[in-house]
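Asks: Using only what follows, build the 3D model:
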Amino acid sequence: MERNVTSNELANKVTEFLMERGTEEPNAMNWALNIFRDCVAEQDVQANSKDIFDLIDGLREKYKPSSINYIANSIKGFFNWMEERGYTEGNVISRFPKGFMRVPKKEAILFTDKDYWDMLKASEGTDWNCKAGRKNDMYEAL
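Replies: You can find the predicted model right below:
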C-alpha cells in the first residue's frame with residue numbers, strides 16, 4: 001500500500017512540511033517533527049507503519065509518555081499531509097495499535113492540613129515561601 005520512500009526523501013519531506021506550515025517560532029509540533037526527522041536521518045527508517053512504530057517505541061527510553069504521545073500524533077499529522085500530496089499511497093499511520101499510546105497512571109499524592117503547614121514552616125525564608133504567602137492568606141480565609 002505504501003510507495004517506497006527512502007529515508008533521505010522522508011527526512012526532506014519533513015523539512016518541506018515544516019516549511020509549508022510557515023511557523024518560524026518554536027512550537028511543540030516543530031519540536032516533535034525535528035526529533036522524528038533526526039531519527040529518520042540517523043536510522044534507515046522507511047515510510048511504513050512497522051518502521052515508524054519501532055522508531056516511536058525506541059523514543060520511550062528518552063522521553064516522557066506525554067511527549068511520546070505528542071511526537072506520535074505529530075508524526076501522524078505529517079503522514080496525513082504525505083497522503084494528501086500523493087507522496088504515499090494511503091495513510092501510513094491511519095491508526096495506532098491498541099495500547100500503543102499508553103500513559104501510565106500515577107497515584108495522586110494527598111496532603112493533610114498538617115502536612116501543608118509543616119511544609120510551609122519548612123520553607124520559611126525561601127523564595128517559595130514568599131510566593132506562597134499570598135496563597136497562605138487565601139488558605140487561612142477558608
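
Asks: For residue 116, what is the enclosing helix or strand?
Replies: Residue 116 belongs to helix 113-122 when elements are defined using DSSP states H and E.

Asks: Report all helices and strands that that helix contacts.
Replies: On a contact count with 3 or more CB pairs under 8 Å, 6 or more residues apart in numbering; DSSP states H and E, helix 113-122 meets helix 127-141. Placement of C-beta: from N, CA and C, glycine included.

Asks: about what we covered before: just the C-alphas of the helix holding residue 116, formatted as PDB.
Replies: Extracted C-alpha coordinates of helix 113-122, given in PDB (Å, rounded to 0.1, in the frame of the first residue of the first chain):
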ATOM      1  CA  ASP A 113      -3.700  20.300  56.600                       C
ATOM      2  CA  LYS A 114      -0.800  19.300  59.000                       C
ATOM      3  CA  ASP A 115       1.300  18.300  56.000                       C
ATOM      4  CA  TYR A 116       0.600  21.700  54.400                       C
ATOM      5  CA  TRP A 117       1.600  23.700  57.500                       C
ATOM      6  CA  ASP A 118       4.700  21.600  58.100                       C
ATOM      7  CA  MET A 119       5.900  22.200  54.500                       C
ATOM      8  CA  LEU A 120       5.100  25.900  54.800                       C
ATOM      9  CA  LYS A 121       7.000  26.200  58.000                       C
ATOM     10  CA  ALA A 122      10.000  24.200  56.500                       C
END
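
Asks: Could you list the low-pLDDT ranges of this structure?
Replies: For the chain, the stretches with pLDDT under 70 are 1-5, 23-24, 101-104, 128-142.

Asks: What residue spans form the domains of it?
Replies: Listed by automatic domain parsing, the domain ranges of the chain are 7-84, 107-142.
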